[in-house]
Every structure is written in C-alpha cells, then in structure tokens.
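Chemist: sequence-free structure coming up:
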DNA sequence: GACCAGGCACATC
DNA sequence: GATGTGCATGGT
C-alpha cells in the first residue's frame, strides 16, 4: 500500500510540475459548475462553453431562471452541447434539486452530509457517479475523488488495478481515495491534471515535442 | 467523411 | 451482470 501511495502521489507531483495549477472548475459560481457537469457528459468542453454562453446571455445561469424557461427554449440554448433534448430534461431535474437546497434552511447544503447529497444526486435520472461527484467536489467543495474516462485509461495502462476493477467506477474511486490524502484542493487539482493529461496525449503523439510526461504516463490513444 | 469528446439510461441476452 | 445502443453537436 505504501509503495502504491508513493506511485499515485508521484504521478500527481510530476503532472503538477508540468501543468501547474489548473484552477478547476472553469466556472464563476457553484450553480454554473452544476450546469456544466450535466452539459459536459460525453461532450467536448468547447461545445459546453457555447451552451453556457447562451444561457448567460439569456440571464439563465441560475436554477430558478432555468426552471422558468420553456422546454423548447432551453433545448435551443443548450443545443451546442449535444444531446440537447436529453440534457435539457436532465438539467431541469438537477436544477429542481439545486433549487430545493437553495430554498432550504440557510446556508444551503451546509447541514447535509456528503453521502446524503450523493445519494440524492444519484437518484436523479440522468445523473451518474461522475456527474454526481463532479458536483460534490467542484460545486459543493466535498472531498470526493472524481473518476472519468481518462482516470480509467491511466489505471488500465499502468495496471494499477485489474481489468474488471478498472471498469468499475467505485473500485477506481476507492483506489485513489485510499492513496491520496482527502484534501479538497488536492482532489480538485488531481482530477484536473488527469483530464489535462488525457487531452495532452489524445492522438498518436503528445501535443508538445519530446514530452517530459511520456515516460510517466504513456497513455497514447484509447 | 470518420472519429472523438470531462456519461447515462435502457434493452437485451 | 455484461454488453450493445441511442442520444447530437462541433472540432480535427
């Protein structure tokens, strides 16, 4: 366990040196993180940005404002993010959840445990473990490790866990949470670094020549 | 024109 | 329980 802890934190330090502080999540408010978490499902972030810009221009980066939009208008605003009919319905359900907490005894969310919030989120149709954990970590500042496609690829390439375990979200999450100290800032930056690395190595060659990360994270394409 | 991107639910076997 | 499929846009 101790050696594995070192390996996982060694990756972190190496990536951190290369990419620096990534200041995730790119959003100006918690609710914008929540919106982005839904819209980014299986979608390039640049497409999500377009949708968020549309919502912003319409004054709809608030739960109540989104809930007040007619269904068709919401669909058109978020259209650039893809799966727009599906995501409009999902976004509304998540905004209903968010709005309920906003209206609850102030301050919002403060009295509710991480586990309860996670169960509530997973109970919403259209919210899976990655979306729930992204919301918990990046919008609500709860110490949960976010697992995504890139995390899975890294774990597979480096054989951190066996094939079956690598396919299981919670196995991967458990692996990292047992080896990375439970600090919000650390979990925040680590996931951001993993995504940055995934993007960096997407394609036959790393984006920069003679990439110093090559020997540490030989991700390659999927 | 094919492939991919910061998933998820549902059907089928 | 594992695997396949639909959902849709925009960049490379």
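Modeler: Arrived safely. Note that the structure is predicted; figures quoted are calculated from it, not measured.
Chemist: Quick one: end-to-end length of stretch A:38-51, please.
Modeler: 11 Å (C-alpha to C-alpha, to the nearest Å).
Chemist: how close does residue A:171 get to residue A:68?
Modeler: 41 Å (C-beta to C-beta, to the nearest Å). For the C-beta atoms, the positions are set from N, CA and C on the backbone; glycine is no exception.
Chemist: Compare neighbour counts for those two and give me the winner.
Modeler: residue A:171 (15 against 11; other C-beta atoms under 10 Å).
Chemist: Let me know the next secondary structure element after the helix or strand containing residue A:175.
Modeler: Following DSSP states H and E, one finds residue A:175 within helix A:169-177. The element immediately downstream of helix A:169-177 (helix or strand, assigned by DSSP H and E) is helix A:184-200.
Chemist: so how far is that following helix from its chain's centroid?
Modeler: 9 Å (C-alpha atoms, centre = their mean, to the nearest Å).
Chemist: How about it and DNA strand B, touching?
Modeler: Yes - counting by C-beta under 7 Å from any atom of the strand, contacts between helix A:184-200 and DNA strand B involve A:195, A:198-199.
Chemist: again with stretch A:72-79
Modeler: No - Stretch A:72-79 stays clear of DNA strand B (C-beta under 7 Å from any atom of the strand), getting no nearer than 13.0 Å.
Chemist: Show me what counts as buried in that stretch.
Modeler: Buried residues in stretch A:72-79, counted by 16 or more other C-beta atoms under 10 Å: A:74-75, A:77-79.
Chemist: Quick check: of these, which lies closest to DNA strand C?
Modeler: Nearest to DNA strand C among the buried residues of stretch A:72-79: residue A:79, at 4.9 Å, using C-beta to the nearest atom of the strand.
Chemist: Any figure for the gap between the residue lying closest to the closest one once chain neighbours are set aside and DNA strand B?
Modeler: In this structure, residue A:79 finds its nearest non-sequential neighbour in residue A:51, 7.1 Å apart by C-beta to C-beta, 6 or more residues apart in numbering. Residue A:51 is 12 Å from DNA strand B, where distance means C-beta to the nearest atom of the strand, to the nearest Å.
Chemist: go on, residue A:31?
Modeler: For residue A:31, the distance to DNA strand B (C-beta to the nearest atom of the strand) stands at 14 Å.
Chemist: pLDDT of the one helix or strand residue A:49 maps to, averaged?
Modeler: According to DSSP H and E, residue A:49 maps onto helix A:45-57. Here helix A:45-57 scores 98 as its mean pLDDT.
Chemist: which residues touch the residue of chain A found nearest DNA strand B?
Modeler: Per C-beta to the nearest atom of the strand, residue A:128 is where chain A lies closest to DNA strand B, at 2.1 Å. Residue A:128 makes contacts with residue A:122, as judged by C-beta atoms under 8 Å, 6 or more residues apart in numbering.
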